[in-house]
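Undergrad: here is a sequence together with a model predicted from it:
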Amino acid sequence: MSKLCPLSIKRPRCTPLWRALSNHWDEILDNVCWSLGNDGSWDVPLFSFIFPSWVVQHIRSNKCPDPSDRPDTCVWRWSPKHNFVTKLCYDRMIDNSHQPKLPIWKTIWNLQVPQRIQLFFWIAYKGRLLTNDERCHRGMTDSPTCPVCFHHTESIVHALWDCHNTCTLWKSIIPPSLNNNFFHINSNKWIESNIAYNVIHPKFGLPWKLLFAAIVWQIWKRRNEFIFNRILLPNEYVLRLSSNLAAFYAGNSQHTTPVTHRPIPAQWIAPHQGCLALKVDAAVSQSSGIAAVGGLIRDNYGSWKIGFQKALGITDVLQAELWAILLGLQLAWAQGHEIVEVQSDSQQAIALVSDNSAASSSLSLVRAIVKFRQRGWMLSFKWISREGNQPADALAKSANALLHSMVTLDSVPTTIQELINKDRLGPLYCESNIN
Ligand SMILES: [Zn+2]
């Protein structure tokens with residue numbers, strides 16, 4: 001293993017690129033994990049002597065290595081497929097510092113203006129707009145002074161509303177309802193409150209948030225025009241252009257077609273005649289992290305054939321969903337069924353096992369599931385809504401966390417009888433945004 005993933009890659013004589021990599025090797029190691037293949041097998045009772053129980057729970061939830069599988073290998077830790085994706089690496093490095101859950105983020109992206117203006121507001125909100133003050137901080141210039149009036153430090157506040165010409169422009173247009181607060185808040189509050197203010201401007205007959213966005217953008221463009229071309233556009237011109245643009249944005253937003261919702265079956269979906277439905281699901285306890293799976297096989301009339309439950313140990317949701325599919329397939333195969341449709345409500349799991357390159361997936365569970373496809377039966381995979389998978393969900397949730405061997409259920413457990421009956425009433429429909 002140390003050959004595949006050594007603790008250090010430092011060499012006395014190497015290229016600058018190799019030296020840079022070796023300096024950051026520890027960080028790289030933090031981002032990889034092992035994908036188990038054919039190297040050995042679990043001896044859980046022995047582990048229990050060596051490791052604490054929570055470690056054993058982690059080991060137990062991994063698929064027992066298969067001698068016919070490929071060798072162990074190092075894989076990228078943070079993507080579902082364990083393949084390296086630059087975007088995910090970047091997300092990891094910035095550690096979600098862009099805070100996508102901030103309400104302002106949503107407000108900015110919902111504003112019906114071109115994306116470059118949305119980005120402009122986001123940069124201004126984060127205090128990164130390249131005013132002279134910011135450029136001075138970054139060592140790009142010696143003077144933080146306003147390049148238009150030469151009197152004050154050019155902060156974001158100064159550039160967008162406080163410089164004398166700009167201040168005059170705003171005073172001529174602020175809606176009366178905002179008069180008292182407009183200049184007396186910090187720049188972030190100023191952006192937040194104005195881009196969310198949907199009142200119609202009495203003079204222009206346009207939503208204030210769109211007019212505001214257009215004016216701020218044009219003020220910034222005017223400032224740049226002055227710096228680069230020494231042309232200072234008058235306030236009247238900026239206002240006329242901004243109101244025309246705001247009217248255009250307002251017209252566009254009225255004609256935006258609403259997102260359509262296609263109804264999808266929320267309950268029992270019968271497979272074709274002669275085909276069995278294998279419905280599987282997984283549940284992971286939020287408190288302990290222990291996962292369990294459950295599933296059932298029904299014929300095309302909805303009759304119960306067999307069900308199963310199993311506790312897995314500590315693992316994540318995707319791994320557990322894949323376990324549910326694999327264990328369901330093992331059961332269906334052992335029962336001698338020949339045409340089976342696997343139904344899971346995990347889009348990610350269904351996508352992974354249906355992928356053309358699934359046979360070489362970094363996830364051993366995906367590779368094991370693919371092997372089932374190659375057997376002499378007809379197997380298909382289908383994503384269904386969570387609402388349509390309630391009996392399997394209930395089985396997964398009610399699995400005993402201490403029972404690590406699979407429990408098979410020859411008849412419908414009383415605890416899910418009601419859910420099974422509800423399914424039989426025929427498909428109900430739920431709204432789901434699956435466009
Ligand atoms: Zn100024």
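TA: Arrived safely.

Undergrad: and Gly295, helix, strand or coil?
TA: strand (DSSP: H, G, I helix; E, B strand; the rest coil).

Undergrad: okay, the residue lying closest to it once chain neighbours are set aside: pLDDT?
TA: Distance criterion CB to CB, 6 or more residues apart in numbering; nearest residue to Gly295, sequence neighbours excluded, is Val280 at 3.7 Å. For the C-beta atoms, the positions are set from N, CA and C on the backbone; glycine is no exception. Listed pLDDT for Val280 reads 94.

Undergrad: likewise Trp34?
TA: pLDDT recorded at Trp34 is 71.

Undergrad: again with Thr408
TA: 90.

Undergrad: wait, a strand at it?
TA: Yes - under three-state DSSP, Thr408 sits within a strand.

Undergrad: in the sheet, which residues pair with it? Tell me.
TA: Phe308 (DSSP bridges).

Undergrad: does it touch Lys310 like I think?
TA: No - Thr408 is beyond contact range of Lys310, at 9.7 Å (criterion: CB atoms under 8 Å).

Undergrad: still on that earlier bit, in what helix or strand does the residue nearest to Gly295 lie?
TA: strand 276-284 (DSSP states H and E).

Undergrad: does the residue nearest to Gly295 touch Gly328 like I think?
TA: Yes - with contacts counted by CB under 8 Å, Val280 reaches Gly328, the gap being 4.4 Å.

Undergrad: common neighbours of the two, please.
TA: Counting by CB atoms under 8 Å, 6 or more residues apart in numbering, the shared contacts of Val280 and Gly328 are Gly295, Val342.

Undergrad: quick check: Thr73 touching Ser362?
TA: Yes - the criterion here is CB under 8 Å, and Thr73 meets it with Ser362 at 7.4 Å.

Undergrad: which parts of stretch 341-359 are buried?
TA: Residues of stretch 341-359 classed as buried: Glu341, Val342, Gln343, Ser344, Asp345, Ser346, Ala349, Ile350, Leu352, Val353, Ala358 (neighbour count, 16 or more other CB atoms under 10 Å).

Undergrad: show residues contacting that stretch.
TA: With contacts defined as CB under 8 Å, 6+ apart, stretch 341-359 is touched by 80-81, 269, 271-272, 275-282, 317-318, 321-322, 324-325, 328-329, 361, 363, 366-367, 369-370, 379-386, 388-389, 393.

Undergrad: what about that stretch, average pLDDT?
TA: Rounded mean pLDDT across stretch 341-359 is 89.

Undergrad: do the same with stretch 123-141
TA: Here the average pLDDT along stretch 123-141 is 93.

Undergrad: anything in it near the ion?
TA: No - using CB under 5 Å from the ion, stretch 123-141 stays clear of the ion, coming no nearer than 9.5 Å.

Undergrad: that stretch: which residues count as buried?
TA: So, applying 16+ other CB under 10 Å, buried residues of stretch 123-141: Ala124, Tyr125, Leu129, Thr131, Asn132, Asp133, Glu134, Arg135, Cys136.

Undergrad: ok, and what's touching it?
TA: 104, 108, 120, 142-147, 153-156, 158-160, 187-188, 191-192, 220.

Undergrad: quick one, which of these are buried?
TA: Listed as buried from the contacts of stretch 123-141 are 104, 108, 120, 144-147, 154-156, 158-160, 187, 191-192, 220; burial here means 16+ other CB under 10 Å.

Undergrad: the ion next: which of those are close?
TA: Checking these against the ion (CB under 5 Å from the ion), the matches are Cys146.

Undergrad: so which of the buried ones among the contacts of stretch 123-141 sit within helices?
TA: Ile104, Ile108, Phe120, Ile156, Ser187, Ile191, Glu192, Trp220 (DSSP state H).

Undergrad: relative to the ion, which of the residues you listed is nearest.
TA: Nearest to the ion out of these is Ile156 (CB to the ion; 12.2 Å).

Undergrad: nearest residue to that closest one other than its sequence neighbours?
TA: The nearest residue in space to Ile156 (CB to CB, 6+ apart) is Ser187, at 4.8 Å.

Undergrad: wait, that neighbour touches Val157, no?
TA: Yes - between Ser187 and Val157 there is a contact under CB under 8 Å: 4.9 Å.
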